[in-house]
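**Student:** after the sequence you'll find the predicted model.
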Amino acid sequence: MKTLLVAKQYIKNFIAKYEVYLKPLMKLILALASLMMINGKIGYMQRLDNLSIVLIVALMCSFMPMNFIVFVSAAFVVLHMYALSLECAAITLVVFLILFLLYLRFSPKDTLVVVLTPMTFALGIPYVMPLAMGLLGTPVSAVSVGCGVIVTYLINYIADSATTLSGMEAEEMSAKIRFVIDGFIDNKAMMLTIVAFAITIVLVYLIRRMSVDYAWTIAIGAGALADMMILLIGDFMFDTNVSILGLILGSIIAVLIAKLVEFFAFHVDYSRTEKVQFEDDEYYYYVKAVPKVTVATPSRTVKKINSSRKRPSGAQNRSKQL
Amino acid sequence: MINEDKVILMTKMAAYESGKGKKDITILNYFRGDYIGFQVLKAVIAATISFFLVFAVYIFYNFETFMQDIYKMDLLSFGKSVIILYLCTVGAYGVISYVVYAFKYSRAKKSLKTYYTNLRKLAGMYESR
C-alpha cells in the first residue's frame, strides 16, 4: 500500500508541476474523444465528419473553459441531426435547450457529466457513472446523470432508426416528429436506466458518508450490486433486453474504475496549487502555494530573483518567489 | 523583512479572491432580495421559453388533429388549461430556484464573512507594527 501511496504522490506532484500544460491537454483529449465518438455514431453531415475540422475544434476547446466542450458537442449533434432531417434536429435542439435552461443553470460544474455519460455508454461501461458520481458528487448529481442518459438514448434511438427516417417523405413532417417522440418517450430501458442510476448514486453517496471502516469500498460494492439488481429486475418486469453478460462485465470494470477514483480522491483532498500575486506597501509578491505532501517530504526551493519590473515610485524593488 | 504570517494570510485571501471569492463578491453586491428576485426572474424566463418549446413540439405532434378539429374545438377551455399548466410549471420552477438561490446567497455570505475576518486581521498586523 505504501508504494501505491508513493506512486500516487508522484502523480500528484507531476500534476501539480505541469498543471498549466496538462489541463489543456486533458481538455483536448476529452474534446477529441467526444467529437470523434459523435462523428462515429451519427456522422451524417459529411463536412463535419472530417478529422481536420475535429482537430481544429478540439484545439479550440483546449483553451476554452471546460463547459465549451459540452456546447461544441451539442452543436455537433444538432448539425448531424440536421443533415439527417430537420425534424430530428429540431427535437434534439429542444431537448438540449430544455436541459440547459431548466437544470444545468443551477449546477454548471456538473455539465460535463452530460458529455461523459454518453461516452461511457459508447465504451460499454455506463455503470461507472453512477458509482463515480456517488463517490465524488452529491445526490443532486443523479439529475445530471439522468440528463446524460436521456441524451444518450435520444442519440441512439435516432441513429438506430436513421434508415426509417430518411425513407419517409419530406412532407410527412408531423409523422416524423411523432415517430421520434413516440420511440423516445416510450423507451422503458431509458426510464429503467435513469431510475437505477439515480438510486445507485444516492445509495453510494449515503454509504460513503457513513463513519465505518472502508466506507468507500462498501459503497462501491453495494452500489454496483444495487445497480445490477435493479437493472435485472427491471429487465424481467419490462423486458428491456439488457444483456446480462454485458451488465456483469461492465459492472466489474466499473467497480475497478471506481476503485481507481477512490484511490485518487480519498485519503487527501487534492487541492490545487495556487498561483497568486498581490502587493503591499513594500513588496510585490508572486506566491505559488503548493498543497502539503503527505507521504514524501516536499522539496521546497526558495528562489530570489531580481525582477526587471520597476515600481512606479522607484523605490527599492524586490520580488520574492516562495 | 518579510512577515511570513502576513504572506500566508494574504496568499489565502488572494487565492479566495481570484477563485471562489470572485463569484461570492458579485453575489453579495446585491441585496438578498434583489439577488434572489433577479435570479428567480431569469428562472421564470427560462421556464417560459422551455414551456413554449414543449408546447410547440406538442402542437406539431398533434398537427393533423388540430387542423381537423380547429373549428370544432372549444378553444377557450383549451387556452385556459394551457395557461393553468403554464402557471403551474413556472410557479413550481420559480419556487425551486428561489430555494436554490437563497441557499447560494447564504453560503456566499458565510464564506465572505471569513474573508472579512481575515481582512481585519491583516489590518491589525499593520497597526501593531
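**Tutor:** Now that the structure is in, tell me what you want to look at. Note that the structure is a prediction, hence the values are computed from the model and not measured.

**Student:** and the residue nearest the centre of chain B?
**Tutor:** residue B:39 (4.2 Å; CA atoms, centre = their mean).

**Student:** I figured residue A:173 hits residue A:85, correct?
**Tutor:** No. Between residue A:173 and residue A:85 no contact is recorded; they are 9.1 Å apart, counting by CB atoms under 8 Å. In short, each C-beta sits where N, CA and C put it, glycine included.

**Student:** who has more neighbours out of these two?
**Tutor:** residue A:85 (21 against 16; other CB atoms under 10 Å in any protein chain shown).

**Student:** quick one: average pLDDT of stretch A:49-67?
**Tutor:** The average of the pLDDT scores along stretch A:49-67 is 88.

**Student:** right, I mislabeled it, should have said stretch A:148-165
**Tutor:** pLDDT averaged over stretch A:148-165 gives 87.

**Student:** check stretch B:74-89 too.
**Tutor:** 89.

**Student:** follow-up on the earlier one: ok, now which ones touch the residue nearest to the centre of chain B?
**Tutor:** Shown in contact with residue B:39 (CB atoms under 8 Å, 6 or more residues apart in numbering or on different chains): B:97, B:101.

**Student:** let's verify it: helix, strand, or coil?
**Tutor:** What DSSP: H, G, I helix; E, B strand; the rest coil gives for residue B:39 is helix.

**Student:** quick one: pLDDT of it?
**Tutor:** Looking at residue B:39, the pLDDT reads 89.

**Student:** packing partners for the longest helix anywhere in chain B?
**Tutor:** Ranked by number of residues, the top helix in chain B under DSSP state H is helix B:75-127. Applying 3 or more CB pairs under 8 Å, 6 or more residues apart in numbering or on different chains; DSSP states H and E, we find helix B:75-127 packed against helix B:4-18, helix B:20-28, helix B:32-61.

**Student:** low pLDDT regions in the chain?
**Tutor:** This is for chain A. A:1, A:170-171, A:266-273, A:290-301, A:307-322 (pLDDT under 70).

**Student:** wrong one, I was asking about chain B
**Tutor:** B:1, B:129.

**Student:** before we move on, the earlier item: of all the helices and strands packed on helix B:75-127, which lies closest to residue A:43?
**Tutor:** helix B:32-61 (25.7 Å; CB to CB).

**Student:** next helix or strand past the closest one?
**Tutor:** helix B:63-69 (DSSP states H and E).

**Student:** does that following helix reach chain A?
**Tutor:** Yes. Against chain A, helix B:63-69 shows contacts by CB under 8 Å from any CB of the partner chain at B:63-64.

**Student:** and that helix, how far out from the chain's middle?
**Tutor:** Using CA atoms, centre = their mean, to the nearest Å, the distance from the centre of helix B:63-69 to the centre of the chain it belongs to is 40 Å.

**Student:** got the CA positions of that helix in PDB?
**Tutor:** What follows is helix B:63-69, C-alpha atoms only, in PDB (Å, rounded to 0.1, in the frame of the first residue of the first chain):
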ATOM      1  CA  PHE B  63     -50.700  18.900 -36.000                       C
ATOM      2  CA  GLU B  64     -53.200  16.900 -38.100                       C
ATOM      3  CA  THR B  65     -55.700  16.500 -35.300                       C
ATOM      4  CA  PHE B  66     -55.600  20.200 -34.600                       C
ATOM      5  CA  MET B  67     -56.100  21.000 -38.300                       C
ATOM      6  CA  GLN B  68     -59.100  18.800 -38.400                       C
ATOM      7  CA  ASP B  69     -60.700  19.900 -35.200                       C
END
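
**Student:** which elements pack onto that helix?
**Tutor:** So helix B:63-69, by 3+ CB pairs under 8 Å, 6+ apart, packs with helix A:173-185.

**Student:** so for the helix it packs on, what gets flagged as buried?
**Tutor:** A:173-174, A:176-181, A:183-184 (16 or more other CB atoms under 10 Å in any protein chain shown).

**Student:** same thing with stretch A:42-59?
**Tutor:** Of the residues in stretch A:42-59, those buried (16+ other CB under 10 Å) are A:42-45, A:48-49, A:54, A:57-58.

**Student:** what does that stretch rub up against?
**Tutor:** By CB under 8 Å, 6+ apart, stretch A:42-59 touches A:28, A:31-32, A:35-36, A:39, A:72, A:76-77, A:79-84, A:155, A:158-159, A:162.

**Student:** domain assignment for chain A?
**Tutor:** A:1-84, A:85-270, A:274-321 (automatic domain parsing).

**Student:** residues of the stretch 51-200 of chain A that sit close to chain B?
**Tutor:** So the stretch 51-200 of chain A meets chain B at A:90-91, A:94, A:97-98, A:101-102, A:105-106, A:173-174, A:177-178, A:181 (CB under 8 Å from any CB).

**Student:** and of those, the nearest to residue B:32?
**Tutor:** Nearest to residue B:32 among those, with distances taken as CB to CB, is residue A:106, at 18.4 Å.

**Student:** touching chain A at all, stretch B:28-35?
**Tutor:** No. In terms of CB under 8 Å from any CB, no part of stretch B:28-35 sits within range of chain A; the closest distance is 14.9 Å.

**Student:** now the end-to-end length of that stretch.
**Tutor:** Start-to-end span of stretch B:28-35 (CA to CA, to the nearest Å) is 8 Å.

**Student:** what is the neighbour count of residue 26?
**Tutor:** Since you didn't name a chain, this refers to chain A. 13.

**Student:** not quite, I wanted chain B
**Tutor:** 11.

**Student:** from the stretch 201-322 of chain A, which residue is nearest to chain B?
**Tutor:** At 3.8 Å from chain B, residue A:276 is the closest residue in the stretch 201-322 of chain A, using CB to the nearest CB.

**Student:** then the stretch 1-150 of chain A?
**Tutor:** As assessed by CB to the nearest CB, chain B sits closest to residue A:101 within the stretch 1-150 of chain A, at 4.1 Å.

**Student:** need the three-state assignment for residue A:158.
**Tutor:** helix.

**Student:** can you get me a residue count around it?
**Tutor:** With other CB under 10 Å as criterion, residue A:158 counts 26.

**Student:** that one and residue A:84 touch, don't they?
**Tutor:** Yes. Proximity of residue A:158 to residue A:84 meets the contact threshold set by CB under 8 Å, at 7.1 Å.

**Student:** residue B:90 and chain A: what is the separation?
**Tutor:** 11 Å (CB to the nearest CB, to the nearest Å).

**Student:** I'd say residue A:120 and residue A:130 touch.
**Tutor:** No. Residue A:120 lies out of contact with residue A:130 (CB under 8 Å); the separation is 10.1 Å.
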